[in-house]
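[1] Return a 3D structure for these sequence lines:
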Amino acid sequence: MIIIRTEGSAEPMPRISRRRFAVAAGIPAVLALTAGGFLLAQGAKASNTIAIDVNAAKSLGTVSSVANGLNTATFDGHLNDSASTSAIAAAGITALRYPGGSTADAYRWQTNTTVDGLGYANPANGFDDFMGIAQKTGASPIITVNYGSGTAAEAAAWVKYANVTKHYGVKYWELGNEIPGDGTYGSQWEHNTKPKGATTYANNIADYITQMKAVDPSIKVGAVITTYNSWPDGLVASAYGDTADWNTTVLTKDGPKLDFVIVHYYPTSKSESDLLTQYQSIATLVQQTRAEINRYAGSNAANIQIMVTETDSSYEYDSVPAALFAADAYMTFLQNGVDNIDWWDLHNGPGSGTTTLPDGSTEYGDGGVLSSGGCTAGVCEPAANTPFPAYYGLQAVGGFAPAGAQMVGTTSSNSTVTSYAVKTSSGMNLMLVNHSAQTSEPVAVSYAGFSPANVTSAVQFSEANKKLQPINGVDAHALTLPPYSITVLKLSGSSAAPTASCTVTSSFVAWPGGYTANVKITNTGPAVSAWKITFGLPSQQRVLLSWNATHSQNGQTVTAQPVSYDNTIPAGATLPFGFNASDSGTATQPSWYALNGVRCSG
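    Next up is the predicted model:
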């Protein structure tokens with residue numbers, strides 16, 4: 001395992017409460033008129049249209065079978081609730097981690113108990129109970145064995161019981177949880193009765209791997225290492241006999257035997273806007289992690305997977321931005337080669353107090369995706385198993401990126417909106433995340449290497465409608481995203497590259513309050529029938545009338561389509577059309593035009 005912390009160079013404070021306390025048992029997003037009409041959207045006035053370009057030929061890898069994961073815990077008083085199981089399945093969760101963070105290093109799986117004073121194991125949450133949930137939901141189990149107070153023989157016995165006796169087929173096994181937090185470098189939150197230090201851990205887990213794989217050679221085993229450029233990366237615990245830092249020691253010793261490493265990623269944010277930029281650091285974290293594996297793990301390095309078995313927002317846990325962070329973080333990790341991400345956690349319980357969030361809702365300090373129904377400072381959460389916003393972030397990812405989907409490249413002209421796309425057996429899925437707290441953002445989407453036919457389904461989560469709900473009347477090329485929202489489109493179509501290509505020239509005459517534009521689109525590809533031209537207007541502009549085409553406007557994106565007598569643009573032919581537009585500021589021409597979804601040059 002790799003534990004990635006982003007707290008900076010200082011030693012992290014223990015997050016004991018996250019691991020060890022028991023859990024007690026709208027308005028339409030878009031209103032639009034027809035051709036030539038105006039669009040009304042929630043939030044402040046829209047900014048300029050954001051261009052989203054999808055490149056279906058640029059592969060970013062395949063979504064793994066354990067991508068969309070979630071932590072569970074032995075202390076969870078609602079783990080076995082039928083509503084909890086249904087919620088896991090409905091979110092498209094494909095991996096469940098057990099027995100729950102730091103509890104793992106104090107957990108006796110045979111008796112479903114913990115070391116006295118170090119957590120709680122609900123009698124109803126034994127290993128077989130957990131496996132029943134995994135089987136009902138179809139999620140793959142990820143098991144953390146007890147390194148801190150257990151033995152290699154105990155871990156091997158767990159593998160034998162799971163895969164030989166019960167035939168559960170558990171594939172992924174972690175060797176302890178956050179072991180560098182056992183006091184080796186000062187801070188201590190992890191229970192470990194063995195001698196401290198990277199050398200001791202590296203030597204001991206070699207025995208764990210040997211004994212566990214002797215029982216079932218098909219399992220995959222992962223080991224704890226620290227993160228690049230974050231505490232305690234680079235520190236050498238010479239007091240415990242180490243001659244190198246943790247990563248160098250563990251990867252050099254055990255790299256030839258390891259199957260995966262694990263990242264625990266808890267970003268530190270000071271504001272909602274800060275939280276919504278955290279995904280931008282993920283690519284570097286993964287790249288540096290992979291570089292360390294390549295540097296120290298020898299010839300087996302290429303076979304070692306990276307898995308993120310704990311993450312959450314660590315800021316405003318119960319807020320809409322936490323859901324947006326979840327969608328961005330999961331997809332950015334996956335696009336950079338990570339195989340599994342597991343949110344902390346299913347149920348967690350409220351923190352020590354409550355606050356009021358900017359949207360007026362209550363922040364309980366509960367890291368769970370479902371409410372535990374608990375109370376803090378006299379304020380009680382919603383009924384048990386009520387989803388918090390982060391749940392819908394995971395559900396959006398689960399529906400958007402199914403196992404086996406091919407991730408492809410996208411770009412956004414403005415980081416206010418992040419974009420992701422995957423190719424599936426039935427077409428393409430597109431996910432758009434609007435980070436703006438107040439502004440509806442119009443987007444224009446173009447596709448290279450894929451020709452969209454129809455939007456077969458569309459769902460949206462937003463601050464105004466805090467559930468992932470179907471939306472209707474969505475255009476694959478142009479839509480307006482409400483503030484703080486996640487939108488997922490599923491498209492039918494062909495993977496063949498679009499045949500349209502074009503150049504554009506225009507003349508422009510300004511007049512008080514607006515301007516006239518005469519546009520010429522030249523088709524530089526094969527003949528195009530049933531053509532559609534889209535273009536983006538600057539903020540506040542509206543098309544008043546058009547000629548040689550019919551038009552409609554969605555936010556700042558205008559769509560021009562054939563009149564009855566002009567349905568085809570022959571190869572090499574030029575289509576002239578024009579429009580008058582109003583403008584309350586300085587008249588500015590459209591910045592781009594596209595023919596059937598492909599941007600024109602010129």
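[2] send the alpha carbons of stretch 340-359 over as CSV?
    The C-alpha trace of stretch 340-359 is given here as CSV (Å, rounded to 0.1, in the frame of the first residue of the first chain):
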residue,chain,number,x,y,z
ASN,A,340,-9.3,1.0,-7.5
ILE,A,341,-10.6,3.9,-5.3
ASP,A,342,-12.5,3.4,-2.1
TRP,A,343,-14.4,6.2,-0.3
TRP,A,344,-14.3,6.5,3.5
ASP,A,345,-16.9,5.2,4.2
LEU,A,346,-20.4,3.7,4.0
HIS,A,347,-21.6,4.9,7.5
ASN,A,348,-19.3,6.8,9.8
GLY,A,349,-21.4,8.9,12.2
PRO,A,350,-21.5,12.6,13.0
GLY,A,351,-18.5,14.6,14.3
SER,A,352,-18.3,16.6,17.4
GLY,A,353,-20.6,19.5,16.2
THR,A,354,-22.5,20.9,13.3
THR,A,355,-22.1,23.9,11.0
THR,A,356,-24.3,25.5,8.4
LEU,A,357,-23.0,25.2,4.9
PRO,A,358,-23.2,28.0,2.3
ASP,A,359,-26.3,26.5,0.7
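[3] Neighbouring strands - and their directions - for the helix or strand where Y420 lies?
    Element membership for Y420 (DSSP states H and E) is strand 417-424. Strand 417-424 has the following strand partners under DSSP bridges: strand 406-412 (antiparallel), strand 427-434 (antiparallel).
[4] With distance to A458, mean pLDDT and mean neighbour count as extra columns, can I get those strands in a markdown table?
    Heads up, the C-betas are built off the backbone N, CA and C, glycines and all. What follows is the strands paired with strand 417-424, written out as a markdown table (distance: least, C-beta to C-beta, whole Å; pLDDT from 0 to 100; neighbours: other C-beta atoms under 10 Å):
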| stretch | distance to A458 | mean pLDDT | mean neighbour count |
| --- | --- | --- | --- |
| strand 406-412 | 17 | 95 | 18 |
| strand 427-434 | 9 | 98 | 24 |
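[5] I'd like these laid out as a markdown table, including distance to T550.
    As requested, these are exported to a markdown table (distance: least, C-beta to C-beta, whole Å):
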| stretch | distance to T550 |
| --- | --- |
| strand 406-412 | 29 |
| strand 427-434 | 26 |
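[6] who wins for proximity to T574 among those?
    T574 sits nearest to strand 406-412 of all these, at 28.9 Å, using C-beta to C-beta.
[7] what does the closest one contact?
    The contact list for strand 406-412 (C-beta atoms under 8 Å, 6 or more residues apart in numbering) reads 50-63, 331, 334-335, 401, 418-424, 428, 430, 449.
[8] Can you select the buried ones from these in PyMOL?
    The command below creates a PyMOL selection of those among these that count as buried (16 or more other C-beta atoms under 10 Å):
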select buried, resi 50+51+52+53+54+55+56+60+62+63+331+334+335+401+418+419+420+421+422+423+424+428+430+449
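[9] Quick one: residues in contact with the longest helix along the chain.
    Of all segments of type helix in the chain, defined using DSSP state H, the longest is helix 198-215. Residues outside helix 198-215 that contact it (C-beta under 8 Å, 6+ apart): 145, 147, 152-153, 155-156, 159-160, 163-164, 173, 175-176, 179-180, 184, 194, 219, 221, 223-224, 237, 240-246, 249-250, 252-254, 257-258.
[10] same check, this time on stretch 148-161
    With C-beta under 8 Å, 6+ apart as the test, stretch 148-161 has contacts from 104-110, 115, 127, 143, 145-146, 170, 173, 175-177, 179, 182, 190-194, 204, 207-208, 210-212, 214-216, 219.
[11] average pLDDT for it?
    Per-residue pLDDT over stretch 148-161 has a mean of 98.
[12] for that stretch, the distance to its chain's centre please.
    Relative to the chain's own centre, stretch 148-161 is displaced by 33 Å; criterion: C-alpha atoms, centre = their mean, to the nearest Å.
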